[in-house]
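S.K.: Give the three-dimensional model of this entry:
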Amino acid sequence: MKPNALVTVLLLAAANLCSHAMPATSQGAGGTAVQGEVLEVKDVEGYTYLRLKTKDGETWAAVATAPVKKGSTVSIANPMVMRNFESKSLKKTFDVIVFGSIADANTKPGAAPMSATAPHGGVAAAAAAVVKVAKATGPEARTVAEVVDGKAALKGKPVLVRGQVVKVSNGILGKNWVHLQDGSGSAAKGSNDILVTTKDKVAVGDVVNAKGVVKTDVDLGSGYTYAVMIEDASLQAR
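M.R.: Numbering: from 1, shown residues only. Sure, this is the predicted structure:
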């Protein structure tokens, strides 16, 4: 998959909200939370749009439907910035809008957000703890760490990874985006987690076998890259 296609998949919102224009991002998910006073609230089916007054000026944000009141202070966790985004529901094009999830305004930087609802209509959440998952069997079987550390040799090849689902975003342009961990690798080195794209549905905490093709050095632009991921995988609960 080409980088521009990956940007589209990761950052476009649900189909009933999206235009056909390619959005540009200024940072990937997981950046510093955007905090501000709510100046305006617009609710549409499945989503809440907020006009915020932040320390850097006014901006619009969009989250899954939430009971937010004008005058309150909110913090948007895991922000993704989109430009020239058209909301068909509101019949409005936003020059800049932040997609994320409502978090506690007092949440410390780097802490997990209170809300686990993603702005795409999917779910993004972290499992409380990852247990050690036994490696899959067969000639294509690899641990998460083996895929990450061996990405150069595995590029373009099929692999089979058994892991626990720690994060999932469903229904983004016909795909689900799943993070797997199996207890192998190092969090400090980033070798303990692998991103998998699939059409199969799973839930956080599920242990699955994921079979797909390894892609490497995926550049999403704006300095946001994936060293390795597994594309178009089939997932089977174990």
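
S.K.: going forward, measure contacts between C-alpha atoms and count neighbours the same way
M.R.: Will do.

S.K.: And the strands in the protein?
M.R.: With DSSP state E as the criterion, the chain has strands at 34-44, 47-54, 57-64, 73-87, 92-103, 141-142, 158-172, 175-181, 194-198, 207-219, 225-237.

S.K.: Pipe these into TSV and attach distance to residue 150 per row.
M.R.: Output for the strands of the chain, formatted as TSV (distance: least, Cα to Cα, whole Å):
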stretch	distance to residue 150
strand 34-44	36
strand 47-54	41
strand 57-64	37
strand 73-87	29
strand 92-103	33
strand 141-142	10
strand 158-172	11
strand 175-181	16
strand 194-198	12
strand 207-219	10
strand 225-237	10
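
S.K.: wait, which of those strands is closest to residue 134?
M.R.: With distances scored as Cα to Cα, the stretch of these nearest to residue 134 is strand 158-172 (7.2 Å).

S.K.: Point out the other helices and strands that the closest one packs with.
M.R.: strand 141-142, strand 175-181, strand 207-219 (3 or more Cα pairs under 8 Å, 6 or more residues apart in numbering; DSSP states H and E).

S.K.: can I see the domain layout of the protein?
M.R.: Per automatic domain parsing, the structural domains of the chain span 3-103, 141-237.

S.K.: what would the strands of the chain look like in JSON lines with mean neighbour count and distance to residue 133?
M.R.: What follows is those, written out as JSON lines (neighbours: other Cα atoms under 10 Å; distance: least, Cα to Cα, whole Å):
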{"stretch": "strand 34-44", "mean neighbour count": "18", "distance to residue 133": "36"}
{"stretch": "strand 47-54", "mean neighbour count": "20", "distance to residue 133": "36"}
{"stretch": "strand 57-64", "mean neighbour count": "20", "distance to residue 133": "32"}
{"stretch": "strand 73-87", "mean neighbour count": "22", "distance to residue 133": "28"}
{"stretch": "strand 92-103", "mean neighbour count": "20", "distance to residue 133": "30"}
{"stretch": "strand 141-142", "mean neighbour count": "18", "distance to residue 133": "12"}
{"stretch": "strand 158-172", "mean neighbour count": "24", "distance to residue 133": "6"}
{"stretch": "strand 175-181", "mean neighbour count": "24", "distance to residue 133": "8"}
{"stretch": "strand 194-198", "mean neighbour count": "22", "distance to residue 133": "14"}
{"stretch": "strand 207-219", "mean neighbour count": "20", "distance to residue 133": "8"}
{"stretch": "strand 225-237", "mean neighbour count": "19", "distance to residue 133": "13"}
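
S.K.: For the helices and strands packed on strand 158-172, give me JSON lines that also has mean pLDDT and distance to residue 97.
M.R.: Below are these laid out as JSON lines (pLDDT from 0 to 100; distance: least, Cα to Cα, whole Å):
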{"stretch": "strand 141-142", "mean pLDDT": "97", "distance to residue 97": "39"}
{"stretch": "strand 175-181", "mean pLDDT": "86", "distance to residue 97": "22"}
{"stretch": "strand 207-219", "mean pLDDT": "90", "distance to residue 97": "22"}
